[in-house]
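Peer 1: Sequence and predicted structure are below.
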There are 2 protein chains.
Amino acid sequence: MNEIQNIVLIGAGNVATHFGIAIQKTGRQILQVYSRTESSAKQLAEKLNTDYTHDLEKINREADLYIISVSDSATGVMAVKLRLNDRMIVHTSGSISMEILRKCSGSFGVLYPLQTFSKSREVDFSTVPICIEANTNENLKKLKELGEDISRKVVEIDSEHRKILHLAAVFACNFSNFMYRIADKLLSENNSEFELLRPLILETAMKVQEMSPKDAQTGPAIRNDERIIIDHFKMLKNYPELKSIYRILSEGIKGIRE
Amino acid sequence: MNEIQNIVLIGAGNVATHFGIAIQKTGRQILQVYSRTESSAKQLAEKLNTDYTHDLEKINREADLYIISVSDSATGVMAVKLRLNDRMIVHTSGSISMEILRKCSGSFGVLYPLQTFSKSREVDFSTVPICIEANTNENLKKLKELGEDISRKVVEIDSEHRKILHLAAVFACNFSNFMYRIADKLLSENNSEFELLRPLILETAMKVQEMSPKDAQTGPAIRNDERIIIDHFKMLKNYPELKSIYRILSEGIKGIRE
């Protein structure tokens, strides 16, 4: 039996919510939910049918693992306030070093799920890569066992490489969503429907599930089709910001060094 | 019975291939494939089990419809060379006006499939929006009947709006694929695997199948998380082009006007 059985969630946002649900499915117990905001703590605790608090002093001291899923800046603040002796604590952030937790406990690490979470969408955690790191081999082994009960893809990644992954994810997820948003804006301001683009967006993502993005690249820039590019500049004459974005990305597609 | 039964494909690239396959599935006949390059014409004709030519003079004159799927610049050239009397001809391009075909025939229009096609991937054409336009109501009706036998989503769109759709598709498809490519580059140059990002990329596209891209936006820029943005600038110090792209997109996410 894995030594991590009883868990306290610190934070009640999207990541804490999806982790809490996935952990309960493994048969482990969420002992308590802590959030600075009582209503958030209560809401998640009710979803998980467990206890909650918004008072740091009342955090349950008996858990095998504390998972801290709050904003990056709040993680630093919490790390100073929490004192857990040698109870294990992990954070779930892509961009913070593991070392920030050294002050809280002698056992610490990271459980970073590489996915975008929304309150309103269920996530199949079994397909979500979980990046783990810990301060000792023994702790790494415990996190690996927990991770593998949740996901088919658990990988050991140090803080340095996790930051690179997080940066890459900003491009692949946040910035590609922004491309959808620009498309939505152009269509809605010209009496067309974003709906028409949805199959294209899905297929674009489906293609790179098996191909490399390099092989999947299509469009006027990769074909060096200057006539269309000039046409598009003309169409964007009332959108100077979008024109700059179109230009820099087309230049990038033409010039990217492999 | 629809009046379009016998079709000649002019061009043997990705769009011609996928259209040819989809049209055969409706029970219609592909009479012939024409391509300037004999080997391409032959290859597609064998796939469709039909006739082929690479000689413009030998194009079958008896078809109900000619579908011209060649590069945008070649479409203009073909439009000058072909003389079809009143046989109907359509092109499949997002960015060319329907009027370019007026010289070929008295019956002309557009069948623009809003999808990204690769030779190696099968496409479920029933989910691909087909944008149609024609020079008369009667021709529009014929194209609509053909389109609806292929796809569940056939929409009438004029040349002006089709160009806007095509521009929006460059952002939503070509540029989002470029974001995947940048992520791939960052990871491979730092000993990490693109594989880890695939579930994230798919979920990012899945989210906007039901939500608006505005509601789906996540990441440091929308949260105004300057600490992470500055960290990412530092990490990109050896990638000046990517740093410029990161900056302009983050500014865009913060500033986009709705």
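Peer 2: Ah, there it is. Since we're looking at a predicted model, the values are computed, not measured.

Peer 1: can you map out the helices along chain A?
Peer 2: A:14-25, A:38-48, A:72-81, A:137-150, A:159-169, A:176-188, A:198-210, A:213-216, A:226-235, A:240-255 (DSSP state H).

Peer 1: most tightly surrounded among the ones you listed?
Peer 2: The highest mean neighbour count among those, using mean count of other CB atoms under 10 Å in any protein chain shown, belongs to helix A:176-188: a mean of 24. All C-beta spots, glycine's among them, are computed from the backbone N, C-alpha and C.

Peer 1: helices and strands around that one, which ones?
Peer 2: Contacts defined by 3 or more CB pairs under 8 Å, 6 or more residues apart in numbering or on different chains; DSSP states H and E place helix A:176-188 against helix A:240-255, helix B:159-169, helix B:176-188, helix B:198-210, helix B:213-216, helix B:240-255.

Peer 1: ok, back up a step: mean pLDDT added to the helices of chain A, as JSON lines?
Peer 2: Conversion of those to JSON lines gives the following (pLDDT from 0 to 100):
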{"stretch": "helix A:14-25", "mean pLDDT": "95"}
{"stretch": "helix A:38-48", "mean pLDDT": "97"}
{"stretch": "helix A:72-81", "mean pLDDT": "88"}
{"stretch": "helix A:137-150", "mean pLDDT": "97"}
{"stretch": "helix A:159-169", "mean pLDDT": "96"}
{"stretch": "helix A:176-188", "mean pLDDT": "98"}
{"stretch": "helix A:198-210", "mean pLDDT": "96"}
{"stretch": "helix A:213-216", "mean pLDDT": "94"}
{"stretch": "helix A:226-235", "mean pLDDT": "95"}
{"stretch": "helix A:240-255", "mean pLDDT": "96"}
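
Peer 1: how many other residues sit next to residue A:86?
Peer 2: By other CB atoms under 10 Å in any protein chain shown, the residues close to residue A:86 number 9.

Peer 1: which ones are touching it?
Peer 2: Shown in contact with residue A:86 (CB atoms under 8 Å, 6 or more residues apart in numbering or on different chains): A:105-107.

Peer 1: how about the residue lying closest to it once chain neighbours are set aside, what does it touch?
Peer 2: Leaving aside its chain neighbours, residue A:86 sits nearest to residue A:106 (4.3 Å; criterion: CB to CB, 6 or more residues apart in numbering or on different chains). By CB under 8 Å, 6+ apart, the contact list for residue A:106 reads A:85-86, A:135.

Peer 1: before we move on, back to that, for residue B:12, find the nearest of the helices and strands packed on helix A:176-188.
Peer 2: helix B:159-169 (22.0 Å; CB to CB).

Peer 1: for the closest one, packing partners?
Peer 2: Secondary-structure packing of helix B:159-169 (3+ CB pairs under 8 Å, 6+ apart): helix A:176-188, helix A:226-235, strand B:108-113, strand B:130-134.

Peer 1: got the contact list for it?
Peer 2: Contacts of helix B:159-169 (CB under 8 Å, 6+ apart): A:182-184, A:186-187, A:190-192, A:196-197, A:200, A:231-232, A:235-236, B:94-99, B:110, B:112, B:114, B:131, B:133, B:157.

Peer 1: Residue A:68: what's it in contact with?
Peer 2: A:10-11, A:75, A:78-79, A:82, A:89-92, A:101.

Peer 1: nearest to chain B, of those residues?
Peer 2: Closest approach to chain B among the contacts of residue A:68 (CB to the nearest CB): residue A:75, at 11.3 Å.

Peer 1: And the pLDDT for the closest residue in space to residue A:148 that isn't next to it in sequence?
Peer 2: Distance criterion CB to CB, 6+ apart; nearest residue to residue A:148, sequence neighbours excluded, is residue A:154 at 5.2 Å. Here the pLDDT value assigned to residue A:154 is 97.

Peer 1: And for residue A:56?
Peer 2: pLDDT for residue A:56: 92.

Peer 1: thought it was touching residue A:82?
Peer 2: Yes: in this structure, residue A:56 is within contact of residue A:82 by CB atoms under 8 Å, at 7.4 Å.

Peer 1: Mind checking which of the two has more residues around it?
Peer 2: Shown here are residue A:56 and residue A:82; by other CB under 10 Å, residue A:82 has more neighbours (19 against 12).

Peer 1: got the residues of the stretch 1-150 of chain A near chain B?
Peer 2: Counting by CB under 8 Å from any CB of the partner chain, the residues of the stretch 1-150 of chain A lying close to chain B are A:71-73, A:95, A:114-116, A:118, A:120-121, A:123, A:127-129, A:131.

Peer 1: tell me the two of these that are most distant?
Peer 2: Across these, no pair lies farther apart than A:73 and A:127, at 29.8 Å, counting by CB to CB.

Peer 1: For burial, what's the neighbour tally of residue A:27?
Peer 2: So residue A:27, with other CB under 10 Å, has 10 neighbours.

Peer 1: what's near enough to touch it?
Peer 2: Here residue A:27 is in contact with no residue (CB under 8 Å, 6+ apart).

Peer 1: What of the one 10 residues further on?
Peer 2: With contacts defined as CB under 8 Å, 6+ apart, the neighbours of residue A:37 are A:12, A:54.

Peer 1: quick one on the thing from earlier: could you save the helices and strands packed on helix A:176-188 as JSON lines and add columns showing distance to residue B:42?
Peer 2: Conversion of these to JSON lines gives the following (distance: least, CB to CB, whole Å):
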{"stretch": "helix A:240-255", "distance to residue B:42": "32"}
{"stretch": "helix B:159-169", "distance to residue B:42": "31"}
{"stretch": "helix B:176-188", "distance to residue B:42": "31"}
{"stretch": "helix B:198-210", "distance to residue B:42": "36"}
{"stretch": "helix B:213-216", "distance to residue B:42": "43"}
{"stretch": "helix B:240-255", "distance to residue B:42": "42"}
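
Peer 1: closest to residue A:141 out of the ones you listed?
Peer 2: The closest of the helices and strands packed on helix A:176-188 to residue A:141 is helix B:198-210. By CB to CB, the value is 24.4 Å.

Peer 1: For the residue in the stretch 51-200 of chain A that chain B sits nearest to, which non-adjacent residue is closest in space?
Peer 2: Chain B sits closest to residue A:174 of the stretch 51-200 of chain A, with a gap of 3.0 Å, by CB to the nearest CB. Nearest non-adjacent residue to residue A:174, counting by CB to CB, 6+ apart: residue B:219, 3.0 Å away.

Peer 1: Give me the neighbour count for the one you found.
Peer 2: 22.

Peer 1: hang on, it packs against residue A:170?
Peer 2: Yes: the criterion here is CB under 8 Å, and residue B:219 meets it with residue A:170 at 5.6 Å.

Peer 1: The closest residue to residue A:204 other than its chain neighbours: what's it in contact with?
Peer 2: Of all residues not flanking residue A:204 in the chain, residue B:173 sits nearest, at 4.6 Å (CB to CB, 6+ apart). By CB under 8 Å, 6+ apart, the contact set of residue B:173 is A:200-201, A:204, A:218-219, B:116.

Peer 1: before we move on, what about residue A:112?
Peer 2: Residues in contact with residue A:112 (CB under 8 Å, 6+ apart) are A:92-94, A:130-132, A:157, A:162, A:165-166.

Peer 1: 6 Å instead, please
Peer 2: A:92, A:94, A:131, A:162 (CB atoms under 6 Å, 6 or more residues apart in numbering or on different chains).

Peer 1: Hmm, residue A:12 and residue A:34 touching each other?
Peer 2: No: with contact defined as CB atoms under 6 Å, residue A:34 does not count as touching residue A:12 (7.9 Å).

Peer 1: closest to residue B:223 out of the helices of chain A?
Peer 2: helix A:72-81 (9.2 Å).

Peer 1: Many thanks, I have nothing further to ask.
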